[in-house]
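[1] make a model of this:
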Amino acid sequence: MTAGGSTPPDTTGPATPLAARRSRWMGQQYADITKLREHAARHDRAAVRAQQRVARLNTRIEKLRHQATLLREKAQKVLAEIPEIDQHRVQHERDIAAATGGKVGVAVTSDVTSLHYRVRKLQQKVVDKQQKARHLELRAAMKTQKTAELKVKVDRYTEASRLEEQEAASYRQRADRLQLVSEGDVAAHLTQSAPAAKSAPDEPSPPP
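    Coordinates of the predicted model:
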């Protein structure tokens with residue numbers, strides 16, 4: 001305190017150009033670290049989005065596979081009905097042969113014409129069953145083809161997710177290395193500043 005009772009002004013001078021440059025450099029390092037971690041976060045988000053697409057596509061693939069399996073099972077059930085129909089048709093043809101004696105020109109009765117009609121109906125039924133089974137098989141094949149197309153997309157998104165994860169890991173590693181360097185620089189700066197402060201001369205004591 002001076003004779004007039006006022007507090008002496010702070011004698012600490014402005015920061016040196018070297019200290020200012022060091023401060024700017026360290027600030028830039030922290031900005032670079034933040035930028036690197038932002039890039040890593042973006043790539044992480046992209047990887048997660050790709051994984052979500054893969055999960056949705058896999059769910060859709062399994063649904064299509066299940067539908068294709070059901071369609072094929074229906075087609076097999078339809079085809080399995082044909083032998084029984086053929087048995088009825090063959091029996092009617094035997095009845096016709098027995099009624100006519102296997103001879104051409106024999107007077108045809110209403111019973112025989114009715115049997116002929118039933119034979120034709122059964123033949124048509126077999127053809128309809130075969131057509132239905134083919135239609136079901138075609139639908140199943142289309143769904144199987146769709147699963148193959150979706151599987152290609154799954155592989156593409158899986159690869160994209162893997163690459164994004166690699167990019168994110170690379171940016172994180174760079175940020176970690178830069179942060180270690182920055183922390184080392186800060187520690188070194190503090191270590192250098194401490195002895196300098198201790199070695200500063202004390203103010204001379206006033207004479208008695």
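
[2] so how far is stretch 132-142 from its chain's centroid?
    30 Å (C-alpha atoms, centre = their mean, to the nearest Å).

[3] and what of stretch 175-184?
    34 Å.

[4] then stretch 150-168?
    8 Å.

[5] buried residues, it. List them.
    150, 154, 157-158, 160-161, 164-165, 167-168 (16 or more other C-beta atoms under 10 Å). All C-beta atoms are positioned from the backbone trio N, CA, C, and that covers glycine.

[6] so Leu71 versus Ala140, what's the distance?
    4 Å (C-beta to C-beta, to the nearest Å).

[7] which residue is the nearest non-sequential neighbour of Lys74?
    Leu136 (5.2 Å; C-beta to C-beta, 6 or more residues apart in numbering).

[8] can you give me the helices for this structure?
    17-80, 82-100, 110-199 (DSSP state H).

[9] what packs against the first one?
    Helices and strands in packing contact with helix 17-80 are listed as helix 110-199; criterion 3 or more C-beta pairs under 8 Å, 6 or more residues apart in numbering; DSSP states H and E.

[10] tell me what angle the helix it packs on forms with helix 17-80.
    Angle of helix 110-199 versus helix 17-80, following axes from the mean of the first three to the mean of the last three C-alpha atoms, to 10 degrees, is 170 degrees.

[11] related to what we said a few turns ago, dump the helices of the chain to a markdown table, plus mean pLDDT.
    Output for the helices of the chain, formatted as a markdown table (pLDDT from 0 to 100):
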| stretch | mean pLDDT |
| --- | --- |
| helix 17-80 | 87 |
| helix 82-100 | 90 |
| helix 110-199 | 86 |
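
[12] quick one, what contacts the residue nearest to Lys74?
    Applying C-beta atoms under 8 Å, 6 or more residues apart in numbering to Leu136 gives the contacts 71-72, 74-75, 78.

[13] 6 Å - rerun?
    71, 74-75 (C-beta atoms under 6 Å, 6 or more residues apart in numbering).

[14] could you measure from the nearest residue to Lys132 once chain neighbours are set aside over to Gln145?
    Nearest residue to Lys132 in three dimensions, chain neighbours excluded: Val78, at 5.2 Å (C-beta to C-beta, 6+ apart). As judged by C-beta to C-beta, Val78 and Gln145 stand 22 Å apart.
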